[in-house]
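Asks: need a structure here:
(2 chains)
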Protein chains: 2
Amino acid sequence: MTSKKTINFFYDVVSPYSWLAFEVMCRYRNVWDVEVKLRPAFLGGIMQKSGNKPPGLVPNKFLYMTKDLQRLAQYVDVPLSPPDDPFEAMFQKGSLAAMRFVTAVQEREKDGDRQVEQVSRELWRRIWSENKDITEPASLSEAAKKAGLSDSEIKEVLELCTTQHIKDKLINTTQEALDVGAFGLPMFMYRVNGNAEIFFGSDRFELMAHCIGEKWLGPQPHKSTSKM
Amino acid sequence: MTSKKTINFFYDVVSPYSWLAFEVMCRYRNVWDVEVKLRPAFLGGIMQKSGNKPPGLVPNKFLYMTKDLQRLAQYVDVPLSPPDDPFEAMFQKGSLAAMRFVTAVQEREKDGDRQVEQVSRELWRRIWSENKDITEPASLSEAAKKAGLSDSEIKEVLELCTTQHIKDKLINTTQEALDVGAFGLPMFMYRVNGNAEIFFGSDRFELMAHCIGEKWLGPQPHKSTSKM
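Replies: A predicted model of the protein is given here:
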């Protein structure tokens, strides 16, 4: 029995705002008295089933997001740099294979979530920093290798990826996100008396801190003393 | 000549996030070394011309926004309470008359912007706190009276509202917002070496503070000592 609040963090490595939120959440899991549960999900499924449209389809919104991401990435200190063709990377190539891979890494990892955290980060780095593919088995293997997985572990994960169990697990996580109200990612969710409280996007940390009775010290809490 | 940065704040009283941003901006104009220029604009025109769709049309997004607004309003300390029928209030009745009225108040006011600030606030209070109309001349007069305008001033403003000059002024402000990249409201804009820097929504204050070299002390800066 623990009295720690569990924050479920639903994300997809195809989403750049998810990366920003992920890094901030990873920093705060050591600052706030919370347990963070990483919940790899599939953004394509969430958009389709919720009836939402990608914000980048409105020209002024696309231009704004490009600038907004650049400013936020610098402020949050994440080495984000858009792929050459964001539409192709996000909507044509997509992230189904990548998120099945992350789900399989999580399924294999019995002790903590160091591997799933590191593999997710390396996949974000490929697509949202280095303009590299995240759809081919060789790309996934390379990310996993950088994340510290051994060759035999990677082989196991790649095999696991193709199983119905892993496909279903990703579908179920995505459906759980939809059921508690998702219409995009990233999304934070914790329960209060059984009811789901959700926060969408990378810009609700200050509000979430207020709601859970913790302190917001900016996106880089370990540097916060210089900010005040 | 002044070295103060001028922040243009584009808003529409039909937009609840604009109200939250407005109150925070009004508090910070006395905290940050900036000049705030209130820019009443027409959200309907911005949505139509940018090709954007109201976020509330996606069911999960509508539910989230209802909750998000309630939590934010409490945190920001603004007495926001949605109208009984938000869709009717926002999209069927709309804010064209109200924003022409605010534009006329601003046109008349030669010394500062106390009246335009107060009238805007009273209009928000009607639609987004008291479930009252903001389309009829009697409704606009009532808001202006609460804001401290005299009967003769209100009569003058109502007459001014119907002139082509005021209609054009609202169109021009709306077009200016579109030209610098608007796809919704509220929007903040300041210029750096002539180039427009824009920030959308009520959730970019911390980032904007960072970009202009000021400090973010939370939405209630005068209470900030108790927050740290």
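Asks: So, low pLDDT: which residues of chain A?
Replies: Within chain A, the stretches with pLDDT under 70 are A:1-2, A:224-228.
Asks: where along it do the strands fall?
Replies: With strands called from DSSP state E, chain A shows them at A:5-11, A:34-40, A:187-192, A:195-200.
Asks: For chain B, find the nearest of those strands.
Replies: Of all the strands of chain A, it is strand A:195-200 that lies closest to chain B, at 6.0 Å by Cβ to the nearest Cβ. To be clear about C-beta, it is placed using only N, CA and C from the backbone, and glycine gets the same treatment.
Asks: Output the set of residues of chain A in proximity to chain B.
Replies: Contact residues (Cβ under 8 Å from any Cβ of the partner chain) of chain A with chain B: A:50-53, A:58-61, A:63-64, A:67-68, A:71-72, A:75, A:178, A:181-183, A:198, A:200-201, A:203-204, A:206-207, A:210-211, A:215, A:218, A:227-228.
Asks: Any of these buried? List them.
Replies: Buried subset of the residues of chain A next to chain B (neighbour count, 16 or more other Cβ atoms under 10 Å in any protein chain shown): A:50, A:52, A:58, A:60-61, A:64, A:68, A:71-72, A:75, A:178, A:181-183, A:198, A:200-201, A:203-204, A:206-207, A:210-211, A:218.
Asks: Not including adjacent chain positions, what is the nearest residue to A:Ala144?
Replies: Spatially, and ignoring its direct neighbours in sequence, A:Ala144 is nearest to A:Ile154 (4.8 Å; Cβ to Cβ, 6 or more residues apart in numbering or on different chains).
Asks: any idea how far B:Phe9 is from that neighbour?
Replies: 52 Å (Cβ to Cβ, to the nearest Å).
Asks: winner for burial among the strands of chain A?
Replies: strand A:5-11 (a mean of 21; mean count of other Cβ atoms under 10 Å in any protein chain shown).
Asks: Parallel or antiparallel, which strands does it pair with?
Replies: In the sheet, strand A:5-11 lines up against strand A:34-40 (parallel), strand A:187-192 (antiparallel) (DSSP bridges).
Asks: could you pull out the helices for chain A?
Replies: A:16-28, A:43-50, A:59-76, A:86-87, A:96-108, A:114-129, A:137-146, A:151-161, A:164-179, A:205-212 (DSSP state H).
Asks: ok, now which ones touch the residue nearest to A:Ala97 when sequence neighbours are not counted?
Replies: Nearest residue to A:Ala97, sequence neighbours excluded (Cβ to Cβ, 6+ apart): A:Thr135, at 5.2 Å. A:Thr135 sits next to A:Lys93, A:Gly94, A:Ala97, A:Ala98 when contact means Cβ atoms under 8 Å, 6 or more residues apart in numbering or on different chains.
Asks: now swap in A:Asp151 and tell me
Replies: For A:Asp151, the contacting residues are A:Lys145, by Cβ under 8 Å, 6+ apart.
Asks: coming back round to it: tabulate the strands paired with strand A:5-11 (TSV), appending distance to B:Ser129.
Replies: Shown next, in TSV, are the strands paired with strand A:5-11 (distance: least, Cβ to Cβ, whole Å):
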stretch	distance to B:Ser129
strand A:34-40	34
strand A:187-192	26
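Asks: burial count for A:Ile46?
Replies: Residues near A:Ile46, counting by other Cβ atoms under 10 Å in any protein chain shown, number 23.
Asks: What separation do you get for it and A:Thr103?
Replies: Plainly put, A:Ile46 is 15 Å away from A:Thr103 if you go by Cβ to Cβ.
Asks: now swap in A:Ser139 and tell me
Replies: Computed as Cβ to Cβ, the A:Ser139 to A:Thr103 distance reads 16 Å.
Asks: Could you check which of these two is surrounded by more residues?
Replies: For A:Ser139 versus A:Thr103, neighbours defined as other Cβ under 10 Å are more numerous around A:Thr103 (27 against 18).
Asks: give me the number of residues near the nearest residue to the more buried one once chain neighbours are set aside?
Replies: Closest residue to A:Thr103 apart from its sequence neighbours, by Cβ to Cβ, 6+ apart: A:Leu170 at 4.7 Å. By other Cβ under 10 Å, the residues close to A:Leu170 number 22.
Asks: likewise A:Gln92?
Replies: If you count neighbours by other Cβ under 10 Å, A:Gln92 ends up with 9.
Asks: ok, so what distance separates it from A:Asp133?
Replies: According to Cβ to Cβ, A:Gln92 and A:Asp133 sit 12 Å apart.
Asks: And A:Gly218, by the same measure?
Replies: Distance, A:Gly218 to A:Asp133, using Cβ to Cβ: 34 Å.
Asks: again with A:Asp111
Replies: 30 Å.
Asks: Same question for A:Cys211.
Replies: For A:Cys211, the distance to A:Asp133 equals 39 Å [Cβ to Cβ].
Asks: cool, and A:Asp77?
Replies: Plainly put, A:Asp77 is 26 Å away from A:Asp133 if you go by Cβ to Cβ.
Asks: Tell me which of those two has more neighbours.
Replies: Neighbours were counted for A:Asp77 and for A:Asp133 using other Cβ under 10 Å; A:Asp133 has more, 17 against 14.
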